[in-house]
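# Generate a structure from the sequence data that follows.
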Amino acid sequence: MPTGTNSLPDSSYYHNSTPPFWNIFSQWPSIGYPNSINAGTNPAKKRYEGGDYFASANASLSNITLSDGSLTPAFNSTIIQYSASVANNVSSISLAPTASELNVTIRVNGVAVASGSPTLPISLVEGDNAITVLVTALDGTTIKTYTITVARASLPTHITFSGKVLLQGAFNIVSNSMDNVLNTAGILQVNAAGQPYNNLSGTESFASNFFSLNQQIVDWVLIELRNASNPSTIVARRAAFVKRDGTLVDIDGVSMLISFPAQSPGIII
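Prediction:
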């Protein structure tokens, strides 16, 4: 025995009454937990009698929220696989995981994040993006991994265009619309039953009564798509019709959305 010390009797020491915090819900002292007083809502008595006085093995989340899109299926702490979809213009996403227990460790794609706080933006590529949320319980050994697969839409594979144009020669200031005499006189049907442009490979042609059934058509027009960075470069071209009020329509004579297949945004007309 070290000099200056005295031996203690071989006996145990007990409180002669329960401590003041025993039944107080507003105080939660540490009973095997690294939590400070007033850090929780369960009284010590309830936790002790329930056998919950060792470090928790609860590695579940109580919620995951996304900055864009929504989880499928809806969040449930027992479900660990989720999916979400976002538009092509969403190039990054943040998520906020909330733990069921205090002081657990949460890592999203390997980066620590506080419970209930959003992550820094996570970059998204077109297609599927797997995001992992790894939760380590207070016992330091129990780990639960949630996976969210975020699908970012691809760029559209076609462009649609709508617009109006007024032809000066055909414009009638009295009717405030364009004359359709080329149509009503049968000139279009006889001389331009197919697209009339020599520099266009399209071979659109129509039944003999097409123009008589679509008498609002004034004439053919040629629409070109040009490169936004180099306007002298023609990316695509196609024929369409212009109606008396200036509306451009597709070769069906009706649709006001003129489609350019296999083209992506980033060009000008």
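# remind me which residues of the stretch 101-250 of the chain are low pLDDT?
Low-confidence regions of the stretch 101-250 of the chain, defined here as pLDDT under 70, cover residues 156, 199, 201-205.
# Please, where are all the strands along it?
When secondary structure is read from DSSP state E, counting those that start in this stretch, the stretch 101-250 of the chain shows strands at 105-108, 111-112, 122-123, 127-136, 143-152, 158-161, 171-172, 177-178, 217-227, 234-243, 248-249.
# Report all helices and strands that the longest one contacts.
Just to be clear, that refers to strand 217-227. Secondary structure elements in contact with strand 217-227, counted by 3 or more CB pairs under 8 Å, 6 or more residues apart in numbering; DSSP states H and E, are helix 181-184, helix 187-191, strand 234-243, strand 248-249, strand 267-268. Yep, even glycine has a C-beta here, placed from its N, CA and C like the rest.
# Repeat the analysis, applying 10 Å as the threshold.
Contacting strand 217-227 under the criterion 3 or more CB pairs under 10 Å, 6 or more residues apart in numbering; DSSP states H and E are the following elements: strand 158-161, strand 177-178, helix 181-184, helix 187-191, strand 234-243, strand 248-249, strand 258-261, strand 267-268.
# any chance of these in CSV, plus distance to V113 and mean neighbour count?
CSV is the format used below for these (distance: least, CB to CB, whole Å; neighbours: other CB atoms under 10 Å):
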stretch, distance to V113, mean neighbour count
strand 158-161, 40, 14
strand 177-178, 62, 20
helix 181-184, 66, 16
helix 187-191, 66, 14
strand 234-243, 44, 19
strand 248-249, 52, 20
strand 258-261, 44, 15
strand 267-268, 41, 15
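# So for V135, which of those sits nearest?
Nearest of the helices and strands packed on strand 217-227 to V135, taken as CB to CB: strand 158-161 at 43.6 Å.
# counting contacts, what elements does that closest one pack onto?
The elements that strand 158-161 packs onto, with contact taken as 3+ CB pairs under 10 Å, 6+ apart, are strand 217-227, strand 234-243, strand 258-261.
# picking that back up, out of the strands of the stretch 101-250 of the chain, which gets nearest to N191?
The closest of the strands of the stretch 101-250 of the chain to N191 is strand 217-227. By CB to CB, the value is 10.6 Å.
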